[in-house]
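Enquirer: Sequence and predicted structure, then a few things I'm wondering about:
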Amino acid sequence: MFAEFLQYLFSGLTSGAIYALAGLGFAIIYNASNVINFAQGEFIMIGGMTTATLAAAGTPLWLAVALALVVAMLVGMALERLAIEPARDADVVTIVIITIGASIFLRGAAQVIWDKEFHSLPAFSGEVPISLGGATLMPQSLWVIGVSALAIALLWWFFNRTLFGKAMLATSHNRLAAQLVGIGVKRVLLASFALSALLGAVAGAVVTPITFTSYESGIMLGLKGFSAAVLGGLGSGLGAVVGGLIVGLVEALASGYLSSAYKDAIAFIIILFVLFFMPSGLFGRRGTDRV
């Protein structure tokens, strides 16, 4: 019984780490621009598809991942410059619709550039399972959890120890005041999309050896990342991480003890629960909690 629970726990932590990265992507863009970017899942897809394609072509894995991150960041910056920036004076609903349109466009472009097939990526350090307490843990799961933890730690360092990171924080707290003290808000917005795309691509690269990837693989991952961000409180970096882990764990436990048919429904149930009973999420939008 304990081994079964431990197996679900490992699965939930692995999924939760990916959802946390996706949720952080939502939080970063929301903080900088008050935009909910529903194309966030496509950054995950681009990271996975680009890495898998380059690795299949014989590119060393480390270089394939690095190039995939660059490609995703360029796509994120193009999205901000070509779609979001021209509509900066539009209302929130219009911008949300623009991001949904961007998501559809990116999926269509991926279908043309690649295909409709699933693409795989070799595990980073073998596929021999590790036995712990009667449960098994794949080495790639350790990569997912470890890389996600490292990305979150670097993100904390960036926002709290670098001048540009503090400028992004200042913009998230008060955009007008940031402009008045000379912070380049347009550069901050561009950087927020690049950083969000980077996080998505990291998630896509490390999870592809486990789940495979295709042109539409980012849809559910993006929605579950959004669920994590909503649960934690939109705009809260800590909330996105905690929310991602909760969504992953609840999803794994519900799939194991109830039915796997409920797996994808969990994220939507959480969103509805938060909207009805705790609209501000677990951590709300307190300044000290924001990314």
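Expert: Good, I have the coordinates.
Enquirer: Output the longest helix belonging to the chain.
Expert: Criterion DSSP state H: the longest helix present in the chain is helix 2-33.
Enquirer: can you list the weak-confidence ranges in the chain?
Expert: The chain contains residues with pLDDT under 70 at 284-291.
Enquirer: how far out from the middle of the chain is stretch 217-228?
Expert: Mean-position distance between stretch 217-228 and its chain equals 8 Å (CA atoms, centre = their mean, to the nearest Å).
Enquirer: Could you do stretch 159-172 as well?
Expert: On CA atoms, centre = their mean, the centre of stretch 159-172 falls 20 Å from that of its chain.
Enquirer: Can you give me the buried ones in it?
Expert: Neighbour counts over stretch 159-172 (16 or more other CB atoms under 10 Å) mark 159, 165, 167-172 as buried. Where C-beta positions appear, they are placed from N, C-alpha and C, glycine not excepted.
Enquirer: And for stretch 249-266?
Expert: Buried residues in stretch 249-266 (16+ other CB under 10 Å): 249-256, 263, 266.
Enquirer: what's that stretch in contact with?
Expert: 4, 7-9, 11-13, 15-16, 220, 224, 247, 267, 270 (CB atoms under 8 Å, 6 or more residues apart in numbering).
Enquirer: try stretch 1-9
Expert: Residues from elsewhere that reach stretch 1-9, judged by CB under 8 Å, 6+ apart: 132-136, 249, 252-253, 255-257.
Enquirer: Present the buried residues of stretch 249-266 as CSV; the columns should include secondary structure and distance to residue 71.
Expert: Shown next, in CSV, are the buried residues of stretch 249-266 (DSSP: H, G, I helix; E, B strand; the rest coil; distance: CB to CB, whole Å):
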residue, secondary structure, distance to residue 71
249, helix, 32
250, helix, 33
251, helix, 29
252, helix, 31
253, helix, 36
254, helix, 35
255, helix, 32
256, helix, 36
263, coil, 30
266, helix, 31
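Enquirer: So what's the residue count around the closest residue to residue 17 other than its chain neighbours?
Expert: Among residues not flanking residue 17 along the chain, residue 148 sits closest, at 3.7 Å (CB to CB, 6 or more residues apart in numbering). As a burial measure, residue 148 scores 27 neighbours (other CB atoms under 10 Å).
Enquirer: Which other helices and strands does the helix or strand hosting residue 148 contact?
Expert: Using DSSP states H and E, residue 148 falls within helix 139-161. Applying 3 or more CB pairs under 8 Å, 6 or more residues apart in numbering; DSSP states H and E, one finds that helix 139-161 makes contact with helix 2-33, helix 163-173, helix 185-211, helix 237-257.
Enquirer: Could you work out which of those reaches nearest to residue 140?
Expert: For residue 140, the closest of the helices and strands packed on helix 139-161 is helix 185-211, at 4.8 Å, according to CB to CB.
Enquirer: the inter-axis angle of the closest one versus helix 139-161?
Expert: Here helix 185-211 runs at an angle of 170 degrees relative to helix 139-161 (axes from the mean of the first three to the mean of the last three CA atoms, to 10 degrees).
Enquirer: Alright, calling it a day.
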